[in-house]
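Engineer: When you get a sec, could you give me coordinates for this:
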Amino acid sequence: MRELQFPYGKKHLKIDVEEKYLKGVLCSHLNEYVPEKGETELVREALEHPIGSVKLSELAKGKNKVVIIASDHTRPVPSRIIMPLMLEEIRKGNPDADITILIATGFHRLTSREELVSKFGEEIVEKEKIRVHDSTRDEDMVYLGKLPSGGDLLINRLAYEADLLCSEGFIEPHFFAGYSGGRKSVLPGVASRKTVLANHCSRFIDSDYARTGIIEHNPIHEDMLWAARTAGLAFICNVVINAEKKVVYAVSGDVDEAHKAGIAFLSSYCMVEGVNADIAITTNGGYPLDQNIYQSVKGLTAAEATVRKDGVIIMLASCSDGHGGQSFYDTFHRGLPLEEMYAEFMSRDAEHTIADQWESQILTRILMHAKVIFVSEQDDDMIRNFRMIPAHSLEEALEKAREIVGSDASIAAIPDGVSVMVVNQ
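Structural biologist: Presented below is the predicted three-dimensional model:
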């Protein structure tokens, strides 16, 4: 027997599986990497040696309005470590700089004060000027031209009016942008709802290049990078974190060059080979990434890449914050057959993309490939409305899965579905 552990909310779920059924445990090797320096030292060193840019302190000289784009409550970015060092570096170059921290909510709900304190600590929330981006407020947006794809680029006025625009963030595999971090702080981070909808259109989501670990020829990435350049994002500080949410690598500098350096480091540790199992058990890495069903689609894509056609995916996500998107929920609640739903998505052009369509499209694709058993804190009806099978424990989920594909079914375990890039054989 082998004990498997899976992050779930702020705890772990465990189960014993006979070795003969276990076809593979797909883990990022990042957890085996031990940096020679501590978290703060890694970030400080990255700021001291930027890639493709002069130091942030040099950029800050003579700049009055400085905006630092920061991630929101849905991302486990160690802002308590990064933000004080970025503030220190800016004020080293310009002690009188007027600094605003702009929270990049993208298409998510607004971040609460309690969540800000959890991210930054009480001192920064009390002393610094913090604004939360709201993508629905047209009056807060400025038009900057047409994206390569043809969509309108509208971003938060605070970012546009900054004399110096920089950002913090982290780099992880992303299920349609290739990787998170870098340019994503602008689009979708501080972009208008209209811009996000155009960038996340069905044609782009359907592209074979809009997949985990791919940025070359990825139409979503190309729009995002163009948006960041056009918005004037001059400097980034991004980190890579392990399963314990600890910084193991940091990089700073140019939005593209520094980001690519971070990608090169990450991909060397998190790429794994799929095993084509009957059952794949996955997670969204626990809190804060598994707060809702919407975010959990990311972890499902890792299982999609390693479970056989008509197999079963078991998803473990607490979803304490509900479904995560009303339009996302409503799309499934209508009850259309999955094939009709997907055809409907593909019939919409970029200008008619609806809210959360990209997440609905990807989940529909997954559900057409395999059945999904979902373990969460949500009620059974909500899970069923998403065309998934509810379960209340990992043991119950595995029992249900075996009823579908057989008692001798092979199993692939993915303890953290958002930390790996699964490559098909």
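Engineer: Residue 36 - how many residues pack around it?
Structural biologist: The tally of other residues near residue 36 (other Cβ atoms under 10 Å) stands at 6. Any C-beta I mention is one placed from the backbone N, CA and C, and that applies to glycine too.
Engineer: three-state assignment of it?
Structural biologist: With DSSP: H, G, I helix; E, B strand; the rest coil as the basis, residue 36 sits in coil.
Engineer: can you tell me how far it sits from residue 396?
Structural biologist: 44 Å (Cβ to Cβ, to the nearest Å).
Engineer: Wait, a strand at residue 308?
Structural biologist: Yes - according to three-state DSSP, residue 308 belongs to a strand.
Engineer: Now for it: which residues touch it?
Structural biologist: Residue 308 makes contact with 276, 277, 278, 370, according to Cβ atoms under 8 Å, 6 or more residues apart in numbering.
Engineer: Over to residue 219?
Structural biologist: Each residue near residue 219 by Cβ under 8 Å, 6+ apart is listed here: 148, 149, 203, 204, 207, 209, 210.
Engineer: buried subset of the residues you listed?
Structural biologist: Taking 16 or more other Cβ atoms under 10 Å as the criterion, what is buried in those is 149, 204, 209, 210.
Engineer: Of all pairs in the residues you listed, which one spans the longest distance?
Structural biologist: Farthest pair in the buried ones among the contacts of residue 219 (Cβ to Cβ) is 149 and 209. Separation: 13.1 Å.
Engineer: How far does stretch 154-164 stretch from one end to the other?
Structural biologist: Taking Cα to Cα, to the nearest Å as the measure, stretch 154-164 stretches 18 Å from start to finish.
Engineer: So residue 312 is in contact with residue 277, correct?
Structural biologist: No - here residue 312 lies out of contact with residue 277, judged by Cβ atoms under 8 Å, at a distance of 9.4 Å.
Engineer: what sits in contact with each of those two?
Structural biologist: Common contact partners of residue 312 and residue 277 (Cβ under 8 Å, 6+ apart): residue 409.
Engineer: and the protein, what are its domains?
Structural biologist: 2-26+274-423, 39-269 (automatic domain parsing).
Engineer: so which of these gets nearest residue 32?
Structural biologist: Nearest of the domains of the chain to residue 32, taken as Cβ to Cβ: domain 39-269 at 7.9 Å.
Engineer: Can you report the mean pLDDT over the residues of that closest one?
Structural biologist: Computed over domain 39-269, the mean pLDDT rounds to 95.
Engineer: and the end-to-end length of it?
Structural biologist: With Cα to Cα, one end of domain 39-269 sits 18 Å from the other.
Engineer: tell me how far that domain is from the chain's mean position?
Structural biologist: Distance of domain 39-269 from the chain centroid (Cα atoms, centre = their mean, to the nearest Å) equals 12 Å.
Engineer: wait, what's in contact with residue 14?
Structural biologist: Listed by Cβ under 8 Å, 6+ apart, the contact partners of residue 14 are 3, 4, 5, 6, 394.
Engineer: For the first one, name its beta-bridge partners.
Structural biologist: As for beta bridges, residue 3 partners with residue 16 under DSSP bridges.
Engineer: show me the contacts for it.
Structural biologist: Counting by Cβ under 8 Å, 6+ apart, residue 3 has contacts 14, 15, 16.
Engineer: Can you convert those residues into a markdown table and add a column each for pLDDT?
Structural biologist: Below are the contacts of residue 3 laid out as a markdown table (pLDDT from 0 to 100):
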| residue | pLDDT |
| --- | --- |
| 14 | 95 |
| 15 | 94 |
| 16 | 94 |
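Engineer: okay, the residues you listed in JSON lines with distance to residue 117 next?
Structural biologist: Below are the contacts of residue 3 laid out as JSON lines (distance: Cβ to Cβ, whole Å):
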{"residue": "14", "distance to residue 117": "32"}
{"residue": "15", "distance to residue 117": "35"}
{"residue": "16", "distance to residue 117": "39"}
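Engineer: Start and end of stretch 234-250, how far apart?
Structural biologist: End-to-end distance for stretch 234-250: 17 Å, by Cα to Cα.
Engineer: And the contacts of residue 219, which is closest to residue 20?
Structural biologist: Using Cβ to Cβ, the contacts of residue 219 come closest to residue 20 at residue 210, 37.3 Å.
Engineer: Next, that closest one: secondary structure please.
Structural biologist: Of the three states, residue 210 takes coil according to three-state DSSP.
Engineer: Residue 223 is in contact with that one, correct?
Structural biologist: No - the pair residue 210 / residue 223 is not scored as a contact, 10.8 Å apart, by Cβ under 8 Å.
Engineer: what comes into contact with stretch 316-336?
Structural biologist: Residues from elsewhere that reach stretch 316-336 (Cβ under 8 Å, 6+ apart): 6, 8-9, 13, 107, 281-284, 286-287, 290-296, 299, 341, 344, 354-357, 359-360, 363, 374-378, 382, 385-387, 394, 397.
Engineer: In ChimeraX, how would I select the buried members of the residues you listed?
Structural biologist: In ChimeraX syntax, the buried subset of the contacts of stretch 316-336 is picked out as below (16+ other Cβ under 10 Å):
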select :6,8,9,13,107,281,282,283,284,286,287,290,291,292,293,294,295,296,299,341,344,355,356,357,359,360,363,374,375,376,378,382,385,386,387,394,397
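Engineer: and the contacts of stretch 316-336, which of them are in helices?
Structural biologist: Among the contacts of stretch 316-336, the ones falling in helices (DSSP state H) are 293-296, 299, 341, 344, 357, 359-360, 363, 382, 385, 394, 397.
Engineer: on that earlier part again, CSV please, covering the buried ones among the contacts of residue 219 and showing distance to residue 271.
Structural biologist: CSV is the format used below for the buried ones among the contacts of residue 219 (distance: Cβ to Cβ, whole Å):
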residue, distance to residue 271
149, 28
204, 23
209, 17
210, 18
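Engineer: Report the contact partners of residue 168.
Structural biologist: 68-71, 77, 79, 82-83, 86, 185, 236-238.
Engineer: ok so, going back, overlap in contacts, residue 210 and residue 223.
Structural biologist: residue 204.
Engineer: Count the residues that sit near residue 77.
Structural biologist: 24.
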